[in-house]
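In: Give me a 3D structure for the following:
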Amino acid sequence: AFDMMHFGHMNAFRLARSLGTKLIVGINSDESIIKCKGPPLMNDAQRLTMVQSCKFVDQVVPNCPYVMNKEYLDYIIDEFKIDYVIHGDDPCIVDGKDVYATAKAAGKYQSIPRTEGVSTTDLVGRILRLDSGRRLSDGSSSNGSSSSQHESTPPPVLGQMSRFLTSSQLLSKFSAGNEDPTPGMNVVYIDGAFDTFHCGHIAMLKAAKKRGDYLLVGVHGDAVANRILGKNLPLLNLQERVLSVLGCRFVDNVLLDAPYQVTPAMVDTLNISTVVVCNSSEEDATTMHNDQYAYPRQAGILQELENPSTFRLDSIFEKIYENEVAYQAKFKRKMQAENDFLKSKYGRNDNDEAS
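Out: Numbering: from 1, shown residues only. Okay, here's the model as predicted:
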């Protein structure tokens, strides 16, 4: 499904591609997802955009059934000359049946290690906590009563909840293929929080890349991102957000923990020719825009960009809040399934670690 696609999905694509020379990704249709899992948060077009933007993906096949029967498996093997069907080592069961049973019976199945510490379920859980944190920061509890006792204690930044372990080796693998700009290139710089990487970010980066030859993306640290986004955001910590941006095919390099202000030293050291600011992103409403781009504006290298996409982080939040009770129940079921998988694999329960 690749709903709310994240760096864990990107890492799965990377691992899958390492088993061969070309990676073709099938994307389940909305109809098949609704039938097997319930309504997705993102529609067919949005999920297609996300997968197509990943630099580890060579080709995308839309409207795939969630459960492949023999006829469909034979079709994709013949049509796309497929050698193996790949999935993570966690079970994928629908109505008590293995989704990949047909591929396994045909000897066409291979598994890859699941990227642990991140999942769509985990991200939905963080968003559900954001709703509670937002009410507290607004000065009222969920039942509308005053919560002044919380005013001096802001809710924790949700990225701190992460259980994902980022290694320098993984960052290096996500950076594979990124080269330094050559002399004479127009180096374009754009920065932001890039929290919960989504199709709005992709549209913005694709448009920014067209302003020059080489796209350098600055990803702000957690403290700056929190001041920009507000509430108890970002949902993802710096390392998680950097991996998501590194996995985007329109990005040539990433500046980690990018300074809030674009300074003369940055422009000179990084050979920046053009600074692009998007005037339709999550960061519009911030009060911090006073001096952020003062130098590039003065130097005549600042360009404004209208984001071709209207999709924003709030688009995801609103869908979850509209059906909060259902998502709470689904979150509990999925977390139980994930904990059962970890217990069978390692003999541990992540709930024990969190308590």
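
In: and the gap between residue 335 and residue 342?
Out: Going from residue 335 to residue 342 by C-beta to C-beta, to the nearest Å gives 10 Å. C-betas here are computed from N, CA, C, even on glycine.

In: Residue 160 now?
Out: From residue 160 to residue 342 the distance is 21 Å (C-beta to C-beta).

In: what ranges do the helices span in the stretch 101-250 of the chain?
Out: 101-105, 120-137, 168-174, 199-209, 222-229, 238-246 (DSSP state H, counting those that start in this stretch).

In: residues near residue 86, how many?
Out: 21 (other C-beta atoms under 10 Å).

In: Packed most tightly, which of the helices of the stretch 101-250 of the chain would that be?
Out: helix 238-246 (a mean of 24; mean count of other C-beta atoms under 10 Å).

In: after that helix comes which helix or strand?
Out: strand 253-256 (DSSP states H and E).

In: Does anything pack onto that following strand? Which helices or strands?
Out: With contacts taken as 3 or more C-beta pairs under 8 Å, 6 or more residues apart in numbering; DSSP states H and E, strand 253-256 sits against strand 214-219, helix 238-246.

In: returning to what we had before: tabulate the helices of the stretch 101-250 of the chain (CSV), appending mean pLDDT and distance to residue 83.
Out: Output for the helices of the stretch 101-250 of the chain, formatted as CSV (pLDDT from 0 to 100; distance: least, C-beta to C-beta, whole Å):
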stretch, mean pLDDT, distance to residue 83
helix 101-105, 93, 11
helix 120-137, 71, 28
helix 168-174, 97, 22
helix 199-209, 97, 29
helix 222-229, 92, 42
helix 238-246, 98, 27
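
In: Would you mind saying which of those helices lies nearest residue 23?
Out: Closest approach to residue 23 among the helices of the stretch 101-250 of the chain is made by helix 168-174 (14.7 Å; C-beta to C-beta).

In: which residues do residue 335 and residue 342 both contact?
Out: Common contacts of residue 335 and residue 342 (C-beta atoms under 8 Å, 6 or more residues apart in numbering): none found.

In: what's the nearest residue to residue 294 once chain neighbours are set aside sitting at in phi/psi?
Out: By the measure of C-beta to C-beta, 6 or more residues apart in numbering, the closest residue to residue 294 outside its immediate chain neighbours is residue 261, 7.5 Å from it. Residue 261 adopts backbone torsions of phi -90, psi 140, taken as degrees, to the nearest 10.

In: Residue 160 and residue 342: who's more crowded?
Out: Neighbour totals were compared for residue 160 and residue 342, and residue 342 leads with 18 against 10 (other C-beta under 10 Å).

In: SS state for the more buried one?
Out: helix (DSSP: H, G, I helix; E, B strand; the rest coil).

In: From residue 43, how far out is it?
Out: For residue 342, the distance to residue 43 equals 31 Å [C-beta to C-beta].

In: before we move on, back to that, tell me who's in contact with the residue nearest to residue 294.
Out: Residue 261 sits next to 291-292, 294-295 when contact means C-beta under 8 Å, 6+ apart.

In: Ok, residue 256 next?
Out: Going by C-beta under 8 Å, 6+ apart, residue 256 touches 219, 238, 242.

In: Help me confirm that residue 330 is found in a helix?
Out: Yes - according to three-state DSSP, residue 330 belongs to a helix.

In: Which residue, other than its chain neighbours, is closest to it?
Out: Leaving aside its chain neighbours, residue 330 sits nearest to residue 38 (6.7 Å; criterion: C-beta to C-beta, 6+ apart).

In: How about the secondary structure of that neighbour?
Out: coil.

In: correct me, but it touches residue 331?
Out: No - under the criterion of C-beta atoms under 8 Å, residue 38 makes no contact with residue 331, lying 11.8 Å away.

In: which one of these two has more residues nearby?
Out: Between residue 38 and residue 331, residue 331 has the larger neighbour count (other C-beta under 10 Å), namely 17 against 11.

In: The more buried one: what's it in contact with?
Out: Counting by C-beta under 8 Å, 6+ apart, residue 331 has contacts 121, 124-125, 128.

In: Distance-wise, check residue 97 relative to residue 104.
Out: The gap separating residue 97 from residue 104 is 12 Å, by C-beta to C-beta.
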